[in-house]
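**Q** What shape does this take:
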Amino acid sequence: MGEVLSQSEIDSLLNALSSGELDAEDIKTKDEAQVRNYDFARPSKFSKEHLRTLEIIYEHYGRLLSTNLPLYLRKNVSVTTASSETVVFSEFSNALSNPVILGIVDFKPLKGSMMIELSPNLGFAIIDRMLGGKGMPIDKTREFSEIELVIIEKIMVLCMQLMKDPWKNVVDINPVLERLETNPQFAQIIAPNDMIAIVTLNITIGDVDGIMNICLPFFTIEEVIEKLNTKFWYSRMKDNDEEDFSVYVESLIRRAEVPVTAYLGKSVITVNDFAGLQCGDIIRLDTKADEPLPVYVGNIKKFMAAPGKSGDKYACRVTSVIREEE
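**A** Presented below is the predicted three-dimensional model:
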């Protein structure tokens, strides 16, 4: 803010203008040098354009999380991008709680690593949900057990796999989770004075709210920093996004498990006979030995098959497929 003039100084300036000693045009054309302090401890390496592009990338990443995590947690998941900022690594690490969930990620093929911080309450909610609970956090924060860390690690690996697609317009990455840390002192991946970009995501799992911080050191993304602008990002978007998405959805559906059941036949017996069944007893079914067996996928009759054996196990050989119109 410029210096505020006193009343006497204003009067002197008006008198000088009226007497001709000072020209108003000269005042307009004078350019005062704008001096701004430069903090050498925190050099500005990320521009606003870089941060905006990172927000766009992780908005896409948040949509993938909210779509894929419910498949594993069987709970509604909402993810939104909260903010992005640049700080020195020491400020970020000093603000971490203990215990904390820190995923150290090898950001291949880029050099160096990045870090993902997940709120402990979200971690305990995920553990509770994966073990059959309602997905609620614990009342008092405690250390994570080895079994709990294994469960969280599986979810973090899934999160790493989902990060490939949002970054493909900038660089093809293959992030690999190196390890999980719960103590911030063992997660010093770069020098304390190095600059990092932090993108904060708000995550809601059921009724539990928490945050996920994406920590990207400048050293790691320095090779592609020039590509972190919206113009380049949108220019790399492909016209066949819908086709790629359909292939991705199909790959998810192919991994879904469905029950497959082959029915040998049916029979009606009395409760007394059922209670007296012993090994070696014979139950007469309503089908013949040479008749094909109906095979159900879920509750839908899909195949006809012939019974047999594969090694030491019973098996069926599909003889025909029942179409939808049939």
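
**Q** tell me the domain boundaries of this protein?
**A** Domain segmentation of the chain under automatic domain parsing yields 48-238, 260-321.

**Q** Out of the ones you listed, which one sits most buried?
**A** Most buried of these, by mean neighbour count (mean count of other Cβ atoms under 10 Å): domain 48-238, with a mean of 17. (C-beta placed from N, C-alpha, C; glycine too.)

**Q** other SSEs contacting the biggest helix by length in the chain?
**A** If you go by DSSP state H, the chain has its longest helix at helix 48-73. Identification of packing neighbours for helix 48-73 by 3 or more Cβ pairs under 8 Å, 6 or more residues apart in numbering; DSSP states H and E yields strand 77-88, helix 120-130, helix 146-161, helix 164-167, strand 195-205, helix 230-235.

**Q** from the chain's centre, how far out does it sit?
**A** Centre-to-centre, helix 48-73 and its host chain are 6 Å apart (Cα atoms, centre = their mean, to the nearest Å).

**Q** coming back round to it: in JSON lines: the domains of the chain, plus mean pLDDT and distance to Arg254.
**A** Shown next, in JSON lines, are the domains of the chain (pLDDT from 0 to 100; distance: least, Cβ to Cβ, whole Å):
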{"stretch": "domain 48-238", "mean pLDDT": "86", "distance to Arg254": "13"}
{"stretch": "domain 260-321", "mean pLDDT": "88", "distance to Arg254": "14"}
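
**Q** Leu73 is in contact with Arg129, isn't it?
**A** Yes: Leu73 is in contact with Arg129 according to Cβ atoms under 8 Å; the separation is 4.8 Å.

**Q** Need the residues touching each of the two.
**A** The overlap between the contact sets of Leu73 and Arg129 (Cβ atoms under 8 Å, 6 or more residues apart in numbering) consists of 135, 205.

**Q** and Ile214, what are its bridge partners?
**A** With DSSP bridges as the criterion, Ile214 is bridged to Ile116, Val199.

**Q** what's the answer for Glu181, then?
**A** Taking DSSP bridges, one obtains Leu102 as the residues bridged to Glu181.

**Q** what's next to stretch 135-145, contact-wise?
**A** Contacts for stretch 135-145 (Cβ under 8 Å, 6+ apart): 73, 75, 97, 99, 101, 120-126, 128-129, 152, 182, 205-208.

**Q** Quick one: end-to-end distance for that stretch.
**A** Counting by Cα to Cα, to the nearest Å, you get 17 Å between the two ends of stretch 135-145.

**Q** Centre of the chain to that stretch, how far?
**A** In terms of Cα atoms, centre = their mean, the gap separating the centre of stretch 135-145 from the centre of its chain is 21 Å.
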